[in-house]
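[1] Predicted coordinates and the sequence they were generated for:
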Amino acid sequence: MINHDLNDAELIELIANYLQVELAQAAPLGARLKFSYPDGNAVLIDGTKSPCSVSMEDGEADCVVALSLDTHLAMLRFQLDQNEAFRKGALKISGNISIALRLAPRVSKRLRLPDEEA
């Protein structure tokens, strides 16, 4: 578990903003990818256009990754590998798994919490 003072809504907004910046110059995913959290919230990446758009919507997606906010945060901070998370059952993927695999090479910087130095 990562120590932070953010509530779930703030974490989801942080993740969405981080992904928007990371994907701004990246090639499109060619599909829609959704991160679905246990509380019913979501982050949706529309990779069908360039640049990709990121929202906090629970819309239709070609691939859905279901995981906890803590797991997602650990992955985006490079503290947990996506393959390890999958093997441990910390995330579940439905739909076209190759879409989820396309995201990792496009995310090159570790997500930083608001109180961390760059």
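    Sure, I can see it.
[2] show me where this structure has helices.
    Assigned helices in the chain, in chain order: 8-23, 69-76, 82-87, 97-103 (criterion: DSSP state H).
[3] Need those in a markdown table (columns: mean neighbour count, distance to R112 and mean pLDDT).
    Backbone N, C-alpha and C define where each C-beta goes, glycine included. Conversion of those to a markdown table gives the following (neighbours: other C-beta atoms under 10 Å; distance: least, C-beta to C-beta, whole Å; pLDDT from 0 to 100):
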| stretch | mean neighbour count | distance to R112 | mean pLDDT |
| --- | --- | --- | --- |
| helix 8-23 | 17 | 8 | 94 |
| helix 69-76 | 20 | 10 | 94 |
| helix 82-87 | 14 | 19 | 91 |
| helix 97-103 | 17 | 19 | 91 |
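[4] Which of those helices sits closest to F35?
    Of all these, the one in closest proximity to F35, counting by C-beta to C-beta, is helix 69-76 (6.1 Å).
[5] a markdown table for the helices of the chain, including distance to D39?
    A markdown table is the format used below for the helices of the chain (distance: least, C-beta to C-beta, whole Å):
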| stretch | distance to D39 |
| --- | --- |
| helix 8-23 | 6 |
| helix 69-76 | 8 |
| helix 82-87 | 19 |
| helix 97-103 | 21 |
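[6] Identify the bridge partners of the residue nearest in space to the middle of the chain.
    Ranked by distance to the mean C-alpha position of the chain (C-alpha atoms, centre = their mean), the top residue is F35 at 5.8 Å. With DSSP bridges as the criterion, the beta-bridge partners of F35 are V43, V65.
[7] Tell me, how many residues neighbour L67?
    When neighbours are counted by other C-beta atoms under 10 Å, L67 registers 21.
[8] List the residues that contact it.
    Applying C-beta atoms under 8 Å, 6 or more residues apart in numbering to L67 gives the contacts F35, S36, Y37, M75, A85, A90, L91, K92.
[9] Next, find the distance separating the fifth one from A42.
    Spelled out, that is A85. The spacing between A85 and A42, counted by C-beta to C-beta, to the nearest Å, is 18 Å.
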